[in-house]
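> Got a predicted structure here, sequence first:
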Amino acid sequence: MRFPVGVVGAGTMGAGIAQVAAVAGQRVLVVDAAGGAAERAVVGIRERVKAQVAKGRLNVDPDALDLVAADSAAGLAAFADCGIVIEAIVEDLAVKRSLFAELEDVVGPDCVLASNTSSLSPTALAAGLAHPERLVGLHFFNPVPAMKLVEVISGLATAPEVADAAADLATRWGKTVVLSTATPGFIVNRIARPFYAEAWRVYEEHASVPHAIDSVLTGAAGFRMGPFALMDLIGHDVNEAVTRSVWAAFACDPRFAPSLAQRALVEAGWLGRKSGRGVYGYGTAAVAAPGTASASATVVTPATAVAPPAAVIEHAGGSSPLRPLLERAGVSLVAGDRDDTDLDTAPGEPGGVIELPSGALLVQCDGTTATSLSAAFGRPVIAVDRVLDPAKATAIAVAPSDGCPPAALAEAVGLLSAADLDVYVIDDTPGMIVTRTVAMLANLAADAVACRVASEADIDTAMRLGVNYPIGPLAWARQWGMGAVLRILDGMENWYRDGHYRASPLLRRAALSERTSSILNQ
């Protein structure tokens, strides 16, 4: 298909879209309101493609790319023969609406109008157009040439054949397409909010500090970057604005509430890498920003280990979820006394409870606090956060119950350290770090399925490719069990009682049903 592809905006996103289209063999016209910007973008694209060819990553002739900067004097009139025009301009509803209104007077009746918006609804963008059915959201991710994901967003008026045509075009450009309705944040920016929000909540409770939270989420859960390092990279002004926009769009739903601590960073101008300081310090700002990764009453460091015990007792009928980690440590598991009924009926998630030689208990986090479990068992408890893959984990968080003897905590730390894990001791908070983060990601993903935002498969694909999650949130929930995720959420909601952790009705239904797969995929 050789019709010209029009790109409005020659910034990072517009130039990236133009590059992907041109490399795929499309004719591309680039227009920008700033004099010389389109010409500079075309030159830059050719140089980048030449560099990729030299490295053996592309097999195209950079000089043969059918890519031109439209005559600035012609302006939007250059798009008269285009089959699709994609705008990548400032994220402002009024400005984008004005642009599309102008384009309608220029392009042919069959031309698709597409917006690379990351947050504005195509329904709102199309309002007032003579033919709103031909406008669709086509959300690329930065950097466009490297990121495989494209969200195709249908507004209320978008014709199905227009969405299909946009999806087909992006697929032929080598992208993986997911389909979304015009909900706030679409798929990725809606479902990703807990990755940042839960980190801020743990920090604001003084349960841990940023470097430990980042280390646990990368080392235990397999995320490529921790949330604080990622927010510093994105820019706190950008990240907080997206969070605030989604929160406002959902009528201030507490599940999307922004962080006051992050707002303080924005107000201080500590925006992250681009300003030299954010949660962490960069360049001349060699230390982290005060009140974030520096001082805290509960500073978290990899704890000092003691020699692990040779054996521990496994209660509640065995099959403790902690067994793989203990086996990594070379510790023998001995079956518990069946008469010890206080340990054979765990108050939370079914599974074995580990008794240490001191009599303290190791229990996998189930959304309640270690202190709550200690009260139920009548013993000191050390809660252990969850991991994605026990064989590959490099870090883990533990939380002692109030009054837990230091010797018992040291015993637990020694055992887990013997499994080649960096052990981070955090304050006793429900859901700890990984457990609450993954449970909330799964919760918002299930809610998106329930609201027909996207399919389960597209949601998991979007989160893997759009934000590099190690596994899709719904696949993660299936791995843990829908019932386990529900217990975690209910435990946290019962503790906080602020609506933040309320479970999606569909997740609750899936947890109660024997047909979890069919329920989520209805």
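Right, received. Where do you want to start?
> contacting residues around T123?
Applying CB atoms under 8 Å, 6 or more residues apart in numbering to T123 gives the contacts G155, L156, A157, A182. The C-beta positions use only the backbone N, C-alpha and C, and glycine is treated the same way.
> change it to 10 Å
Residues near T123 by CB atoms under 10 Å, 6 or more residues apart in numbering: P132, L135, G137, I153, S154, G155, L156, A157, T158, T181, A182.
> what about it, distance to A157?
With distances taken as CB to CB, to the nearest Å, T123 is found 7 Å from A157.
> Common neighbours of those two, please.
Taking CB under 10 Å, 6+ apart as the contact criterion, the common neighbours of T123 and A157 are P132, L135, A182.
> The first one: neighbour count?
Just to be clear, that refers to P132. Residue neighbour count, defined by other CB atoms under 10 Å, stands at 20 for P132.
> ok, now the second one?
The number of residues packed near L135 is 25, by other CB under 10 Å.
> Leaving out the residues flanking it, which one is nearest to it?
If the residues on either side of it in the chain are set aside, L135 comes closest to A126, at 4.1 Å by CB to CB, 6 or more residues apart in numbering.
> before we move on, the earlier item: now, of the contacts of T123, which are buried?
Burial by neighbour count, judged by 16 or more other CB atoms under 10 Å, picks out P132, L135, G137, I153, S154, G155, A157, T158, T181, A182 from those.
> hang on, the first one packs against G155?
What that stands for is P132. Yes. Between P132 and G155 there is a contact at 7.2 Å, judged by CB atoms under 10 Å.
> which residues are common contacts for those two?
Counting by CB under 10 Å, 6+ apart, the contacts common to P132 and G155 are P122, T123, L125, A126.
> Identify the residues contacting the closest residue to P143 other than its chain neighbours.
With CB to CB, 6+ apart as the criterion, P143 has its nearest non-adjacent residue at 5.9 Å, and that residue is G16. Taking CB under 10 Å, 6+ apart as the contact definition, G16 lies against 7, 41, 45, 48, 88, 116, 140-147.
> buried subset of these?
Buried members of these, counted by 16+ other CB under 10 Å: V7, A41, I45, R48, A88, N116, F140, F141, V144, P145, M147.
> picking up where we left off before, from the contacts of G16, which land in helices?
A41, I45, R48 (DSSP state H).
> Would you mind checking which of these is nearest to P308?
Taking CB to CB as the measure, R48 is the one of these closest to P308, at 52.5 Å.
> Not counting sequence-adjacent ones, nearest residue to that closest one?
Looking at R48 with CB to CB, 6+ apart, the closest residue is Q19, at 6.7 Å.
> surely the one you found meets L65?
Yes. Under the criterion of CB under 10 Å, Q19 lies in contact with L65, with a separation of 8.6 Å.
> Compare neighbour counts for these two and give me the winner.
Each of Q19 and L65 has its neighbours counted (other CB under 10 Å); Q19 has more, 25 against 21.
> For stretch 173-185, buried residues please.
Applying a neighbour-count criterion of 16+ other CB under 10 Å, one finds W173, K175, T176, V177, V178, L179, S180, T181, A182, T183, P184, G185 buried in stretch 173-185.
> farthest pair in the contacts of T123?
Largest separation among these by CB to CB: P132 and T181, giving 15.3 Å.
> just to revisit the earlier point, what is the subsequent helix or strand relative to the helix or strand hosting the residue nearest to P143?
Counting by DSSP states H and E, the element that carries G16 is helix 12-23. Using DSSP H and E, the helix or strand that follows helix 12-23 in sequence is strand 27-31.
> unless I'm mixing things up, A448 is touching N189, no?
No. Here A448 lies out of contact with N189, judged by CB under 10 Å, at a distance of 11.4 Å.
> The two: which has the busier surroundings?
Neighbour tally, A448 and N189, criterion other CB under 10 Å: the higher count belongs to A448, 28 against 20.
> next structured bit after the strand or helix carrying the more buried one?
A448 is part of helix 434-450 when elements are defined by DSSP H and E. Helices and strands here follow DSSP H and E; after helix 434-450, the next one along the chain is helix 456-467.
> Okay, now the unreliable bits of the stretch 51-200 of the chain?
Along the stretch 51-200 of the chain, the model assigns pLDDT under 70 to residues 72-73.
> can you map out the strands along it?
67-69, 84-87, 112-115, 135-140, 149-154, 176-181 (DSSP state E, counting those that start in this stretch).
> Same list (the ones you listed) but as a markdown table, adding distance to T394.
Supplementary listing: the strands of the stretch 51-200 of the chain in a markdown table, determined by distance: least, CB to CB, whole Å:
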| stretch | distance to T394 |
| --- | --- |
| strand 67-69 | 45 |
| strand 84-87 | 42 |
| strand 112-115 | 41 |
| strand 135-140 | 33 |
| strand 149-154 | 27 |
| strand 176-181 | 29 |
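> So for V387, which of those strands sits nearest?
For those, proximity to V387 was assessed by CB to CB; strand 149-154 is nearest, at 26.2 Å.
> ok, now how distant is R57 from R263?
Distance check for R57 against R263: by CB to CB, it reads 41 Å.
> re earlier: which one of the strands of the stretch 51-200 of the chain lies closest to P400?
P400 lies closest to strand 149-154 among these, at 41.0 Å (CB to CB).
> just the helices in the stretch 101-250 of the chain please.
Assigned by DSSP state H, counting those that start in this stretch, the helices in the stretch 101-250 of the chain fall at 122-126, 160-172, 188-191, 193-204, 210-219, 227-234, 236-249.
> In terms of secondary structure, what does the fifth one contact?
To tie it back to what came earlier, the one meant is helix 210-219. With contacts defined as 3 or more CB pairs under 10 Å, 6 or more residues apart in numbering; DSSP states H and E, helix 210-219 has these neighbours: helix 193-204, helix 227-234, strand 395-400, strand 422-425, helix 434-450.
> now the ones you listed in CSV, with distance to P324?
Supplementary listing: those in CSV, determined by distance: least, CB to CB, whole Å:
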stretch, distance to P324
helix 193-204, 25
helix 227-234, 26
strand 395-400, 12
strand 422-425, 16
helix 434-450, 15
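> Show me what stretch 321-334 is in contact with.
308-314, 318, 320, 349-355, 362-366, 384, 386-387, 389-391, 393, 396, 414-421, 480, 484.
> try 6 Å this time
Outside stretch 321-334, the residues within contact range by CB atoms under 6 Å, 6 or more residues apart in numbering are 308, 311-314, 351, 354, 362, 364, 384, 390, 415, 418-419.
> returning to that earlier point: pull the most distant pair out of the buried residues of stretch 173-185.
Using CB to CB, those reach their maximum pairwise distance at W173 and P184, which is 26.7 Å.
> what's the burial count for S275?
Residues contacting S275 under the criterion other CB under 10 Å number 18.
> Could you list which residues are in contact with it?
For S275, the contact set (CB under 6 Å, 6+ apart) is empty.
> Where does pLDDT dip in this structure?
With pLDDT under 70 as the threshold, the chain has low-confidence stretches at 1-2, 72-73, 284-305, 316-318, 337-351, 514-522.
> where's the spatially most central residue of it relative to L149, distance?
Centre of the chain computed as the mean C-alpha position; nearest residue by CA atoms, centre = their mean is A192, 3.5 Å away. In this structure, A192 and L149 are 12 Å apart, going by CB to CB.
> A170 now?
A170 is 10 Å from L149, where distance means CB to CB.
> again with G108
Distance from G108 to L149, counting by CB to CB: 30 Å.
> Measure how buried A74 is and give me the count.
Count around A74 with other CB under 10 Å applied: 12.
> Give the buried residues for the helix or strand hosting E411.
If you go by DSSP H and E, E411 is part of helix 406-417. Within helix 406-417, the residues that qualify as buried are A408, L409, A410, E411, A412, V413, G414, L415, L416, S417, counting by 16+ other CB under 10 Å.
> likewise stretch 240-253?
For stretch 240-253, the buried set under the neighbour-count rule, 16+ other CB under 10 Å, comprises E240, V242, T243, R244, S245, V246, W247, A249, F250.
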